[in-house]
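# okay, predicted coordinates and the sequence, questions at the end:
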Amino acid sequence: MTDQTIVLVVSLMWIAFCMRFWYVIDRSNVWQRRLIAIAAGLGGGLIYIFGSMTLEVIHAAQAQQAPADQEPPSATIRVQSSSPEK
């Protein structure tokens with residue numbers, strides 16, 4: 001859950017960073033402001049989508065490694081001596 005929150009916060013930080021430039025640009029530069037707003041929206045969305053996809057891959061890889069760490073009970077090895085006891 002916290003991983004998803006981090007992705008959301010990073011996405012919102014990108015949007016805030018772009019909007020900072022949007023406020024700095026003069027109002028007479030309409031197209032420049034529009035491009036910055038579009039970049040903010042698309043960039044924030046892409047960061048969120050790619051971050052979510054990356055988290056799914058990481059969680060899937062961790063889920064596959066978890067059972068490999070534990071040894072099943074049927075895999076115990078028993079050694080029996082071949083020489084008779086005296």
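Ah, there it is.
# need the residue closest to the centroid of this protein.
For the chain, the residue sitting closest to the mean C-alpha position, by C-alpha atoms, centre = their mean, is residue 55 at 3.0 Å.
# quick one: list the elements packing against the strand or helix carrying that one.
For residue 55, the element it lies in under DSSP states H and E is helix 30-69. When contacts are defined as 3 or more C-beta pairs under 8 Å, 6 or more residues apart in numbering; DSSP states H and E, helix 30-69 sits against helix 2-24. For every residue, glycine as well, the C-beta is placed using N, CA and C.
# buried ones in the helix it packs on?
Using 16 or more other C-beta atoms under 10 Å as the test for burial, helix 2-24 gives 7, 11, 14, 15, 18, 22.
# and the residue lying closest to the residue nearest to the centre of the chain once chain neighbours are set aside, what pLDDT?
In space, and not counting its chain neighbours, residue 55 is closest to residue 3: 5.1 Å by C-beta to C-beta, 6 or more residues apart in numbering. For residue 3, the pLDDT comes out at 87.
# circling back to that earlier point, in a markdown table, list the buried residues of helix 2-24 along with distance to residue 78 and pLDDT.
Shown next, in a markdown table, are the buried residues of helix 2-24 (distance: C-beta to C-beta, whole Å; pLDDT from 0 to 100):
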| residue | distance to residue 78 | pLDDT |
| --- | --- | --- |
| 7 | 49 | 92 |
| 11 | 56 | 94 |
| 14 | 59 | 93 |
| 15 | 62 | 92 |
| 18 | 65 | 92 |
| 22 | 72 | 89 |
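# got the CA positions of stretch 12-28 in CSV?
C-alpha atoms of stretch 12-28 as CSV (Å, rounded to 0.1, in the frame of the first residue of the first chain):
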residue,chain,number,x,y,z
LEU,A,12,1.8,14.7,-8.1
MET,A,13,5.3,16.1,-7.5
TRP,A,14,5.9,16.0,-11.3
ILE,A,15,2.6,17.8,-11.9
ALA,A,16,3.5,20.4,-9.3
PHE,A,17,6.9,20.9,-10.8
CYS,A,18,5.4,21.5,-14.2
MET,A,19,2.7,23.8,-12.9
ARG,A,20,5.4,25.9,-11.2
PHE,A,21,6.8,26.7,-14.7
TRP,A,22,3.2,27.3,-16.0
TYR,A,23,2.8,30.0,-13.4
VAL,A,24,6.1,31.6,-14.3
ILE,A,25,5.4,31.8,-18.0
ASP,A,26,3.7,35.1,-19.1
ARG,A,27,0.0,35.0,-20.0
SER,A,28,0.7,36.3,-23.5
